[in-house]
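> Using only what follows, build the 3D model:
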Amino acid sequence: MSFNSNFHFSSSSFNESFSQVRICSSSSSTHGASNGTQSRISKPIQFSSSSGVFDYTKDFRENLTTQNGKETMQNLNDRLASYLEKVRSLEEANTGLESKIQEWHKNRTQKHKRDYSVYEKTISELQSQLLDGHMNGAKIKLQMENAKLAFDTFERKYDTEKAIRTALEDDLESLRRAMDNLTIVRTDLEMEVEGMRKELIYMRMGHEEDMKLAQFQKKGSSVDVKLDAPPSVDLTKTIADIRKEYEALIEKNRKEAADWYSKQSSTVEQEVYSNTEALQNSRNQIKDLKRTFQTLEIELQGEIRRKHGLESTLAQTQANSAEQLQKIQSTICRMESELSNLRGELERQNIEYRALLDVKTRLENEIATYRELLEGNKTRGRPDSSEGLNRKITTIVQDMVNGRVISTKVSEIPKKL
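As a prediction, the model looks like this:
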């Protein structure tokens with residue numbers, strides 16, 4: 001850090017304590033007048049921070065006892081005063097620079113600050129919609145599970161009713177077979193009755209022929225023959241009795257078979273009707289459940305598509321938000337880097353400021369020491385005029401380029417007063 005003034009200060013020349021302060025003229029010369037003569041002093045003065053003792057050259061110490069040395073010290077005091085004034089101006093400039101940096105940082109932060117509340121509201125709405133979609137999907141899944149359970153229940157009932165119907169159909173088929181067997185038996189009995197009727201007719205016809213033959217023989221013969229035999233059996237009456245018995249038995253069997261058949265038929269028909277009605281109701285319920293299942297499945301597919309749409313929208317929104325967040329983070333990192341650089345610069349300036357403040361304090365102490373020396377020289381008596389005074393003028397010329405010393409020339413001119 002360099003100042004265009006009579007002093008040059010380098011921050012790299014300081015360690016943890018305070019190592020060195022180099023004071024030189026901008027023209028590498030200091031002019032003082034004593035008795036019409038000029039002296040050029042360009043030799044650097046070294047100050048030690050640890051001991052507080054001034055390291056001067058031997059020639060400079062001898063010159064301090066002379067009047068020219070007093071004027072040189074006065075000139076140095078003036079230069080130190082100007083240096084302190086410049087230090088104060090640099091402090092003010094540093095304060096102004098810090099305020100400008102803070103204002104710039106504040107304006108830049110406000111300029112690059114963005115409001116993401118709109119995106120947060122959209123994200124919250126999408127999240128609420130997605131949550132509603134999940135809830136609706138869960139409700140639909142629950143309804144589907146209930147419908148499946150009801151469908152399984154009705155399917156089991158249908159299988160049970162179907163098994164009952166199959167059993168009833170088997171019973172009805174067995175009853176039909178029994179009825180067919182009874183019909184066959186009835187047919188056989190009717191055929192037997194018909195045969196017996198024909199046999200009875202043949203017997204009647206033979207009996208009538210025998211009766212006619214016997215009457216004809218009785219009329220044609222005059223012999224009266226009496227036989228001592230038991231009375232003959234009336235075959236007609238016997239046959240009629242047998243016929244009545246068989247007809248009564250047939251009628252009884254027919255009535256019993258008809259009654260049993262009618263009872264079994266009515267029972268089977270009633271069971272078949274009730275089972276058919278229950279089966280029809282079960283079929284209707286199954287149809288309704290199938291329609292409900294299809295409707296719920298369609299709604300589920302719609303909700304799944306809606307869910308996929310919301311998920312894709314949420315993913316896109318999250319991707320956009322992540323991209324914007326990445327941009328914001330990169331901006332924040334860049335701003336933090338700039339802020340870190342500014343803080344480093346401020347810290348460096350603070351270190352330099354503290355070093356300058358330390359130099360200022362030490363220079364003020366040295367000024368006080370100079371003043372004490374000046375006051376001591378004033379109180380010291382002048383030497384006798386008869387005594388000879390010798391004065392030596394030391395001139396040091398340094399050529400500097402960009403703060404570097406290229407060459408140094410030292411010349412001494414002794415002069416007797």
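> domain ranges for the chain?
The record's domain parsing of the chain by automatic domain parsing lists 7-112+387-416, 117-219+233-326.
> got a list of what N94 touches?
Contacts for N94 (CB atoms under 8 Å, 6 or more residues apart in numbering) come out as Q349, Y353. For glycine as for every other residue, the C-beta is placed from the backbone atoms N, C-alpha and C.
> quick one: it and K86, what's the gap?
Separation of N94 from K86 (CB to CB, to the nearest Å) stands at 12 Å.
> Check R108 too.
Remark: distance between R108 and K86 (CB to CB) = 32 Å.
> just Q270 next, same as before
Distance, Q270 to K86, using CB to CB: 127 Å.
> show me where pLDDT drops low in the protein?
Within the chain, the stretches with pLDDT under 70 are 1-69, 109-117, 218-235, 377-417.
> For it, which segments count as helices?
For the chain, applying DSSP state H gives helices covering 58-64, 67-112, 117-220, 235-379.
> counting contacts, what elements does the third one pack onto?
To tie it back to what came earlier, the one meant is helix 117-220. Helices and strands touching helix 117-220, by 3 or more CB pairs under 8 Å, 6 or more residues apart in numbering; DSSP states H and E, are helix 235-379.
> Now do the helix it packs on and helix 117-220, the angle between them.
Here helix 235-379 points in a direction 170 degrees away from that of helix 117-220 (axes from the mean of the first three to the mean of the last three CA atoms, to 10 degrees).
> tell me what helix 235-379 is packed against?
Helix 235-379 packs on helix 67-112, helix 117-220, going by 3+ CB pairs under 8 Å, 6+ apart.
> Could you say which one of these comes nearest to I298?
For I298, the closest of the helices and strands packed on helix 235-379 is helix 117-220, at 10.3 Å, according to CB to CB.
> Contacts only, for K148.
Applying CB under 8 Å, 6+ apart to K148 gives the contacts F293.
> what's the spacing between it and Q329?
From K148 across to Q329, the span is 50 Å (CB to CB).
> E251 versus L346, what's the distance?
Per CB to CB, L346 is found 134 Å from E251.
> And for V193?
Relative to E251, and taking CB to CB, V193 is found at 11 Å.
> Those two: which is more packed in?
V193 (15 against 10; other CB atoms under 10 Å).
> so how far is L356 from that one?
Applying CB to CB to V193 and L356 gives a distance of 153 Å.
> got it, and A322?
A322 is 49 Å from L356, by CB to CB.
> higher neighbour count, the two?
Comparing A322 with L356 by other CB under 10 Å, the one with more neighbours is L356, at 22 against 11.
> wait, the more buried one sits on V87?
Yes - with contact defined as CB atoms under 8 Å, L356 reaches V87; the gap is 5.6 Å.
> what's the closest residue to L189 other than its chain neighbours in contact with, if anything?
Distances taken as CB to CB, 6 or more residues apart in numbering put I250 closest to L189, at 5.8 Å, once the chain neighbours are dropped. Residues in contact with I250 (CB under 8 Å, 6+ apart) are L189, E190, V193.
> how many other residues sit next to the first one?
To tie it back to what came earlier, the one meant is L189. 15.
> so it touches K252, yeah?
No - taking contacts as CB under 8 Å, L189 lies outside contact range of K252: 11.5 Å.
> can you pull the contacts of the residue lying closest to K162 once chain neighbours are set aside?
In this structure, K162 finds its nearest non-sequential neighbour in L279, 7.5 Å apart by CB to CB, 6+ apart. Counting by CB under 8 Å, 6+ apart, L279 touches Y158, E161, K162, R165.
> sorry, back to before: which one of Q270 and K86 has more residues nearby?
Counted by other CB under 10 Å, Q270 and K86 do not tie: K86 has more neighbours, with 16 against 10.
> mind checking how far the more buried one is from E192?
158 Å.
> go on, Q143?
Taking CB to CB as the measure, Q143 falls 71 Å from E192.
> the more surrounded of the two?
More crowded of Q143 and E192, by other CB under 10 Å: Q143, with 16 against 12.
> how much space between the more buried one and D132?
As judged by CB to CB, Q143 and D132 stand 16 Å apart.
> do the same with V118
21 Å.
> Name the residue in the two with the higher neighbour count.
Legend: neighbour count by other CB under 10 Å for V118 and D132, higher for D132 (12 against 8).
> so how far is L314 from that one?
As judged by CB to CB, D132 and L314 stand 13 Å apart.
> And A81, by the same measure?
73 Å.
> quick one: which of these two has more around it?
Ranked by neighbour count (other CB under 10 Å), A81 and L314 place L314 first, with 15 against 12.
> if I pick the nearest residue to the more buried one once chain neighbours are set aside, what's in contact with it?
Closest residue to L314 apart from its sequence neighbours, by CB to CB, 6+ apart: L126 at 5.3 Å. For L126, the contacting residues are L310, T313, L314, T317, by CB under 8 Å, 6+ apart.
> Isn't the last one up against I123?
Going back to what we said before, that points to T317. Yes - using CB under 8 Å, T317 makes contact with I123 at a distance of 6.1 Å.
> overlap in contacts of those two?
Taking CB under 8 Å, 6+ apart as the contact criterion, no residue touches both T317 and I123.
> burial of A319, as a residue count?
10.
> do I286 as well
By other CB under 10 Å, the residues close to I286 number 15.
> wait, what's in contact with E323?
Residues near E323 by CB under 8 Å, 6+ apart: none.
> hey, C-alpha coordinates of stretch 100-109 in PDB?
Output of stretch 100-109 as PDB, limited to C-alpha atoms (Å, rounded to 0.1, in the frame of the first residue of the first chain):
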ATOM      1  CA  LYS A 100     -19.600   2.500   0.400                       C
ATOM      2  CA  ILE A 101     -18.900  -1.200   0.400                       C
ATOM      3  CA  GLN A 102     -21.700  -1.800   2.900                       C
ATOM      4  CA  GLU A 103     -24.100   0.300   0.900                       C
ATOM      5  CA  TRP A 104     -23.000  -1.500  -2.300                       C
ATOM      6  CA  HIS A 105     -23.500  -4.900  -0.600                       C
ATOM      7  CA  LYS A 106     -26.900  -3.900   0.700                       C
ATOM      8  CA  ASN A 107     -28.000  -2.600  -2.700                       C
ATOM      9  CA  ARG A 108     -26.700  -5.700  -4.400                       C
ATOM     10  CA  THR A 109     -28.400  -8.000  -1.900                       C
END
